[in-house]
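Asks: no FASTA, just this:
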């Protein structure tokens, strides 16, 4: 596992072996002292061995307790560190979401329209195709009209109108084939929720059709195939110490794992986050050491964004103002063209 700390069980086992040996020696010393005192009447020698054995026993127990306490303290520190990593990851996601919302709120209505025009077009086109498959002719016509008038996609609107007319003239078998083709497209794009909704609508639209009835099972089969592939890729990334890849795959797996499966990956994910933190820390340190200040700023900002509550982030936040200033000073020198030569 990437970056996973030892739980020091070997140290505790060694301490147990040492305690057992010390107890045996101490008891042997006590027994010998009693023997010398009782059998030979050598009281000073007997008392000496007896006292030494008892003292050795007490010291051994005390040292073993110290080892156990230290191990518990270290494990508690690791658990606290793990909890901090999880909290940092949650805060990072919330921060990115908040930053997106803040950036969007600062855009003018015109800018928002430009930024989201492509997304709105894709959503509208997808909705039209879904309405055609469901034989919701009125909705399809209304959406095509919006695409034509609001967005100005006249050619695409004309193409979809022709497709709508063909769908109206199509036989039931052709409509089922078109529905399954759309289902395949949604699955290929990993739009599982949308594909699930389409399955429910198609079941009501084509009741009793064998191929439509089989779609929910097919959906789950394909979804499980994608999940197993992601898990396989994640395992290979962890084994190959590909931290960036493992970090990305964890986000992709979020939508596939049930709580029990997520719990099974919890320890591994902690190791990935630890390794990711160490990776960013190393990138930052190397960039600073080599005086690559723009790269240092980028690595430092990324570390602060992904692990905002870590001690490293707090240390880097104090250095960033100076590093940004040096990066600005370094940029003009890199961009300054060579002076022209005299003719």
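Replies: Alright, I've got the coordinates. Here the structure is a predicted model, which means the values were calculated and not measured. Numbering: from 1, shown residues only.

Asks: Mind pulling up the pLDDT for residue 107?
Replies: Listed pLDDT for residue 107 reads 45.

Asks: Test my guess that residue 140 contacts residue 124.
Replies: No. Between residue 140 and residue 124 there is no contact under CB atoms under 8 Å: 11.1 Å. Quick note: C-beta positions are derived from backbone N, CA and C, even for glycine.

Asks: Give me the more crowded residue out of these two.
Replies: residue 140 (24 against 19; other CB atoms under 10 Å).

Asks: Excluding chain neighbours, give the residue nearest to that one in space.
Replies: residue 131 (4.0 Å; CB to CB, 6 or more residues apart in numbering).

Asks: Please, which helix or strand holds the one you found?
Replies: Per DSSP states H and E, residue 131 falls inside helix 109-133.

Asks: ditto for residue 195
Replies: Per DSSP H and E: helix 192-205 holds residue 195.

Asks: And for residue 238?
Replies: When the helices and strands are read off by DSSP H and E, the one containing residue 238 is helix 215-239.

Asks: now for that helix, which elements pack on it?
Replies: Contacts defined by 3 or more CB pairs under 8 Å, 6 or more residues apart in numbering; DSSP states H and E place helix 215-239 against helix 172-188, helix 192-205, helix 243-253, helix 259-289.

Asks: of all those, which lies closest to residue 163?
Replies: Among the helices and strands packed on helix 215-239, helix 172-188 comes nearest to residue 163, with 9.2 Å by CB to CB.

Asks: Distance check, residue 128 against residue 134.
Replies: Noted for residue 128: a distance of 11 Å to residue 134, by CB to CB, to the nearest Å.

Asks: out of those two, which sits in the busier spot?
Replies: residue 128 (25 against 18).

Asks: Read off the pLDDT value for the nearest residue in space to residue 148 that is not next to it in sequence.
Replies: Among residues not flanking residue 148 along the chain, residue 157 sits closest, at 3.8 Å (CB to CB, 6+ apart). With respect to pLDDT, residue 157 has a value of 81.

Asks: At the geometric centre of this protein, which residue do we find?
Replies: residue 250 (3.7 Å; CA atoms, centre = their mean).

Asks: Touching, that one and residue 231? I think so.
Replies: No. Applying CB under 8 Å, one finds residue 250 not in contact with residue 231, separated by 10.8 Å.

Asks: residues of the host helix or strand of residue 10 that come out buried?
Replies: Following DSSP H and E, one finds residue 10 within helix 9-39. Residues 12, 15, 19, 22-23, 26, 29-30, 32-33, 36-37 are the ones in helix 9-39 that count as buried (16 or more other CB atoms under 10 Å).

Asks: pLDDT and distance to residue 312 added to the residues you listed, as TSV?
Replies: Below are the buried residues of helix 9-39 laid out as TSV (pLDDT from 0 to 100; distance: CB to CB, whole Å):
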residue	pLDDT	distance to residue 312
12	71	30
15	75	33
19	77	39
22	79	42
23	81	45
26	79	47
29	78	52
30	79	54
32	76	58
33	75	57
36	73	62
37	74	63
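
Asks: so which of the residues you listed comes closest to residue 321?
Replies: residue 12 (46.3 Å).
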